[in-house]
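>>> Return atomic coordinates for the entry below.
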Amino acid sequence: MPRPAWITYVPSRRPGDPVGDFAHRLADRVGLPCHAVVDLADDKQTQSEVHNSAQQVRNVLGAFAVAAVPDTRPVLLIDDTVNSRWTLTTVARHLRRAGVSSVLPLVIGG
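Modelled structure (predicted):
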């Protein structure tokens, strides 16, 4: 498995963006750069509010955008929870389309 060269994260809707805070602290701890390249493009329902996989994938389509990536080497992608896995899948797809060689997901909670 490739080692990550940098870290990014799915921004949280919670006040203070705890996912971004965690990602930056982890990056400092392990000596990797952290770049906030993922943006919320559309304020949709949380995945826990959507009831089946088809609705969940439709819910995240268009919900995120990725800015220009600073590095095409492997990235560690951090999210706070995983309900459907569609958020991680969709954001990873955006990162790969932006040129990142591989995306390694990490979920803070369950």
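>>> Tell me where this protein has strands.
6-9, 38-40, 64-66, 75-79, 103-107 (DSSP state E).
>>> right, so of the ones you listed, which gets closest to residue 96?
strand 103-107 (6.4 Å; C-beta to C-beta). No exception for glycine: its C-beta is placed from N, CA and C like everyone else's.
>>> Just the residues contacting the closest one, thanks.
Here strand 103-107 makes contact (C-beta atoms under 8 Å, 6 or more residues apart in numbering) with 1-2, 4, 74-82, 88, 91-92, 95-96.
>>> ditto for stretch 25-37
Contacts of stretch 25-37 (C-beta under 8 Å, 6+ apart): 4-9, 11, 20, 23-24, 66-71, 76, 78, 95, 98.
>>> And that stretch, what's buried?
For stretch 25-37, burial by neighbour count (16 or more other C-beta atoms under 10 Å) applies to 26, 27, 32, 34, 35, 37.
>>> how many neighbours does the closest residue to the last one other than its chain neighbours have?
Of all residues not flanking residue 37 in the chain, residue 67 sits nearest, at 4.6 Å (C-beta to C-beta, 6 or more residues apart in numbering). For residue 67, the neighbour count with other C-beta atoms under 10 Å is 13.
>>> Distance check, residue 67 against residue 81.
Computed as C-beta to C-beta, to the nearest Å, the residue 67 to residue 81 distance reads 23 Å.
>>> likewise residue 11?
13 Å.
>>> one step back: what's the closest of the buried residues of stretch 25-37 to residue 58?
Looking across the buried residues of stretch 25-37 and measuring by C-beta to C-beta, the closest to residue 58 is residue 37, at 23.8 Å.
>>> hang on, the earlier thing: mark which of the contacts of stretch 25-37 are buried, thanks.
4-9, 11, 20, 23-24, 66, 69, 71, 76, 78, 95.
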